[in-house]
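In: Fold the stuff below for me.
(2 chains, ligands or ions: 1)
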Amino acid sequence: MQLASVSGNLLFFAFIAYLIATLFFGGAVKGSKSKEVYANNRWGKIAIGVTILGFIAHLGYFITRWIASAHAPVSNMFEFITAFAMMVVCAFILLFFIYRTPSLGLFALPLAVVLVGYASMFPRELTPLIPALQTYWLTIHVITAAIGEAILAISAVAGLVFLLKNTDLTKRSKQRFWLEAVIFTLILVIGFILSSSTFAIMGYEAKFTYINKNEQQAQIVYNYPPLFGMNEYESLTPDKMSPLAEMPAIVNAKTLTTFVWSVGTGTLLYLLLRLVLRRPVATLFQPFAKKANSQVMDEIGYRSVLIGFPVFTLGALIFAMIWAHEAWSRFWGWDPKEVWALITWLFYAAYLHLRLSRGWEGKKSAWLAVIGFIIIMFNLIAVNLIIAGLHSYA
Amino acid sequence: MNKIKCLCSYENPFGTILCERCGRPLTEEAKKSKLIDMRYEGAARRSQTYKRSIIDKIWGFFSSVKVGINIIIAVLLTSAIGTLFPQKLFIPATTEVDIAAYYEKHYGLLGTLYYRLGFYDMYNSWWFITLIGMLGTSIIIANVDRVIPLYKSLKKQRTKRHFSFLKKQRIYGEGHVPESNDSLAKAEEKLKELRYNLKTEDGALLAEKGRFSRWGPYVNHTGLIIFLLGVLLRSLPGFYVDEALWLREGETRAIPGAPGYYLKNNDFLIETYSKEKDAEFGQAIDRVGTIVKNFQSDVTLYKDAEGGLPGQSDRMEFVKDYSIIVNKPLQFDGFNIYQMDYRLDELKSMTFQLVEKATEKSFGEFTVDLLNPDRLYRLNEGAYVELKDFYPDFDGIEDGEPKSKSPVPNNPAFIFKMVTKDKKEGEMSFVAIRQTLETNKNDYKAVFVSAETRDITGLVVRKDKTLYILLLGGIIFMIGVAQGSYWNHRRIWIQKGEEDQLIVAGHTNKNWFGLKKELDKVIIYANLPQYEDRQDSVFDKEEIEGEKE
Ligand code: HEM
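Out: Model (predicted):
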């Protein structure tokens, strides 16, 4: 128990360190006048120092939690996403020492911050392993897959920097629209974190009984004011808000409620920003991307796909098949999670072929990298929470 | 076919773009372009050379990477559509009618459409399998089309190259240096230090490393093909066994798919996490409720005794005791037996008491084994009960006849004939759970005393001879993909021009940043002319300036 709280504190420390490092990377980008300074200035050095410190704390979180729960902390949404964030930071640090570009840090660290924030919205207590998860293959499979995905994520970060730099945001265009859409999506995630933590701090709880898909009675607790009610719901906490509409049994009205609250909060936040700025929100980030060297960003994007693709194949497909063979008696079962790993893999294979043989460099390849990351996130979030097959965690 | 004779007098195969030996551009197009296309070294490829017959056309179609990419995207999209609603495999219905009804009930009009279009069984559909077949074909043809010419031209390349070849490289520099021989020697030294393989020829230097990485894609595609072949083999009989085996506690059965082997279920158990023993998970247990810790079947494996006749259960030979848990299948002779499912508390036997209604006098108890019931149960004072009929899964009375839904004793019902001293002809009674029917009023009754239950374990028997083929394919794929991704094929040419002029050119199949970093070291050390990266012009010149401000 003691160890578990140490672990929690270390994670919090890492979270703060990443925030601070982001600021310093901002200083490094803003403050550099020449190429040499850009690569090696004092702000940049402090920034990478703080990042490494944060990473060590993050690693400390991971190890202490591993000891406390006696299994690799990658067995539920909270644990997996925090581990993923840790690996994104690790991949960034490695690439920083190859290419020395603060701009990458300026966008990679906020990603880590958002990921840790997002992860913290899921139940955080130590969970025991169900029988299917009790094998070292799980550890190997999930950790390798996460490393692969983290490296691939860096390519999306490089792609985003490339696009921010090379898209003309003063004129209406398809590119501007989609770039703004990407930023909007990020703001929705922040909307989720904000709304969720607000109600969590307030300690909001509304309890219902309902009739589930299998026509049995079940209970559910909402942590958001219930906009939508479960099938044939009955409130156990009448003093709380009563749902506006009832959903059929196949729809999880709780998830829907959370979703609508998050989108609502995010959209409001976005509109406020637009109102204050009076121009696309992407323009807010553009100055920070301007200093980056396009060719280096393009190169990082490609390199990280090249490095990440084999790791992803090994972790998310080969090790996954070995585990599935041990646990479910078949190496492949067309479970949605498996299918989406295959889709991710095929997508990056297409990326490599397009790049190699059709010369898709620069913007095209940057867009592909961003889409690849969206697919990874889709598999992590939507497939787990909505489509949910065998892999959905407790 | 006609050979193409280059000015260097080398005879190239028809269709060659860059002379295999000296690198001179041979086609008009290549001569005109500013940068030459170094892919496949400008070698003649069948698909680019022959385009007439049907075979040429098919070959051309499948060897095109553009087509290959389209196939990959098509597989990707169909796979994604297959996850929109659960596949047939994951839904409880089994008959076509039920399946159709299921999709309609749960997903409405879209569900019906999904069913009608056959998307509910996407991964077994003929078009999905065709796509995978096309993917395999495309990989094979595209690779054969490229690998041989590539191999030949890399092997034949000469150290000394024609200037037109060097001039059209992406990395190119020329200039006068004071001591060109000295510079060349120093460059050689530095390149050696950087672990390049060096070849020299008449004032020309070729430094090369990582050529083996060029074979990466061909190795990884070979792995993919082996994997796909493995998958194909599974559909042949004998390569693949997949059977379910339900075993009651205490029961021994022949293992389906594994002739000559028998399995006995000694005990099945489920453990859950407890807040006392697993204190660190207390919170989680509070939130979720019970969390299962272990499913386990303790079994004993037997096989036919040597020399014995198959199926002679008294001549079985003990093989081993084992506890099958999830993730730890029982393994023997290429078979795996997995813990997959269970059913708790199936009725095993029921015990009754024969009682005289008026006096409540008991004639003793008898126990009916529900899987192997006896016909007659002898009790005290010469009384006995005859089991006239037995319905293990009683499902109501139809046309005056009781019906059993299945042979599984879920809801047993009995017709007893009770015979005692004063009722020699016997009394009939129909006994089911919580009901007794009598045709005439009886003096005696069979009273339920107790029931014994046991668990059933659900096991799966698998044998998969293709696994090693799949694993081999996977390993080869990984080797190839690592080879092609983590190493690059770099070449640096340094050649003497007129007088003290030196020419530097470089090429790599990927990671130009790395090549330039190494080249910079050589240039500084050996005082070579500066080079230019002509790709820089692809990205806006101005922004590279902008970065320096
Ligand atoms: C799922 C299927 C496939 C996977 C995972 C795959 C994987 C790869 C990888 C990793 C590379 C190396 C890329 C790089 O180094 O940047 C590559 C190259 C290549 N692939 Fe594929 N591939 C697949 C399907 C195909 C298909 C269908 C074709 C057919 C046209 C094809 C043709 C090629 C060619 C021509 C190359 C370049 C070879 C060279 O440069 O020498 N691949 N592939």
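
In: element containing the residue nearest to B:Pro25 when sequence neighbours are not counted?
Out: Among residues not flanking B:Pro25 along the chain, B:Lys31 sits closest, at 4.6 Å (Cβ to Cβ, 6 or more residues apart in numbering or on different chains). Where C-beta positions appear, they are placed from N, C-alpha and C, glycine not excepted. Per DSSP states H and E: B:Lys31 is located in helix B:28-32.

In: neighbours of A:Ile343, just the number please.
Out: By the measure other Cβ atoms under 10 Å in any protein chain shown, the count of residues near A:Ile343 is 19.

In: what helix or strand is it on?
Out: According to DSSP H and E, A:Ile343 maps onto helix A:336-358.

In: Show the subsequent helix or strand relative to that helix.
Out: helix A:362-380.

In: Check which helices and strands that next one sits against.
Out: Contact here means 3 or more Cβ pairs under 8 Å, 6 or more residues apart in numbering or on different chains; DSSP states H and E; on that basis helix A:362-380 packs against helix A:77-99, helix A:136-166, helix A:174-202, helix A:294-312, helix A:336-358.

In: Nearest to A:Phe228, out of these?
Out: Proximity to A:Phe228, assessed across those by Cβ to Cβ, is greatest for helix A:174-202 (15.3 Å).

In: contacting residues around the residue in the stretch 1-150 of chain B that the ligand sits nearest to?
Out: Nearest residue of the stretch 1-150 of chain B to the ligand (Cβ to the nearest ligand atom) works out as B:Gly68 at 2.5 Å. By Cβ atoms under 8 Å, 6 or more residues apart in numbering or on different chains, the contact list for B:Gly68 reads A:His353, B:Phe62, B:Leu135, B:Ser138, B:Ile139, B:Ala142.

In: residues near the last one, how many?
Out: Counted with other Cβ under 10 Å, the neighbours of B:Ala142 add up to 24.

In: Select from the contacts of B:Gly68 the one having the most neighbours.
Out: Counting neighbours by other Cβ under 10 Å, B:Ala142 leads those with 24 neighbours.

In: Return the member of the helices and strands packed on helix A:362-380 having the minimum mean pLDDT.
Out: Mean pLDDT values for the helices and strands packed on helix A:362-380 show the minimum at helix A:174-202, a mean of 86.

In: How far off centre is it?
Out: Its chain's average C-alpha position is 12 Å from that of helix A:174-202, according to Cα atoms, centre = their mean, to the nearest Å.

In: what comes up buried for that helix?
Out: A:175-176, A:179-180, A:182-184, A:186-196, A:199 (16 or more other Cβ atoms under 10 Å in any protein chain shown).

In: Distance to the ligand added to the helices and strands packed on helix A:362-380, as JSON lines?
Out: Below are these laid out as JSON lines (distance: least, Cβ to the nearest ligand atom, whole Å):
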{"stretch": "helix A:77-99", "distance to the ligand": "18"}
{"stretch": "helix A:136-166", "distance to the ligand": "13"}
{"stretch": "helix A:174-202", "distance to the ligand": "25"}
{"stretch": "helix A:294-312", "distance to the ligand": "6"}
{"stretch": "helix A:336-358", "distance to the ligand": "4"}
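
In: Let me have these in CSV, adding distance to B:Glu179 as columns.
Out: Formatted as CSV, these follow (distance: least, Cβ to Cβ, whole Å):
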stretch, distance to B:Glu179
helix A:77-99, 35
helix A:136-166, 42
helix A:174-202, 52
helix A:294-312, 34
helix A:336-358, 41
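
In: These: which one's closest to B:Glu365?
Out: Comparing those by Cβ to Cβ, helix A:136-166 comes nearest, at 51.0 Å.

In: Which phi and psi values does A:Val251 adopt?
Out: When read as degrees, to the nearest 10, the backbone of A:Val251 gives phi -100, psi 130.

In: Mind pulling up the pLDDT for it?
Out: A:Val251 carries a pLDDT value of 73.

In: wait, doesn't B:Ile81 sit right on B:Ser125?
Out: No: counting by Cβ atoms under 8 Å, B:Ile81 stays clear of B:Ser125, with 10.7 Å between them.

In: who in the stretch 201-350 of chain A is up against the ligand?
Out: Proximity of the stretch 201-350 of chain A to the ligand, by Cβ under 6 Å from any ligand atom, involves residues A:Leu346, A:Ala349.

In: try the stretch 1-150 of chain B
Out: Listed as neighbours of the ligand in the stretch 1-150 of chain B under the rule Cβ under 6 Å from any ligand atom: B:Val65, B:Gly68, B:Ile71, B:Ile72, B:Leu135, B:Ser138, B:Ile139, B:Ala142, B:Arg146.

In: cutoff 8 Å now
Out: Residues of the stretch 1-150 of chain B lying close to the ligand by Cβ under 8 Å from any ligand atom are B:39-40, B:62-69, B:71-72, B:75, B:135, B:138-139, B:141-143, B:146-147, B:150.

In: likewise the stretch 351-500 of chain B?
Out: B:Phe477, B:Gly480, B:Val481, B:Gly484, B:Ser485.

In: now the helices: where do they sit in the stretch 201-350 of chain B?
Out: Using DSSP state H, counting those that start in this stretch, the helices of the stretch 201-350 of chain B run over B:216-233, B:282-288.

In: Which neighbouring elements make contact with the longest one?
Out: Using 3+ Cβ pairs under 8 Å, 6+ apart as the contact criterion, the elements in contact with helix B:216-233 are helix B:126-156, helix B:467-486.

In: so which of the ones you listed comes closest to B:Glu306?
Out: B:Glu306 lies closest to helix B:467-486 among these, at 28.8 Å (Cβ to Cβ).

In: Give the buried residues for the closest one.
Out: By neighbour count with 16+ other Cβ under 10 Å, helix B:467-486 contains the buried residues B:467, B:469-471, B:473-474, B:476-485.
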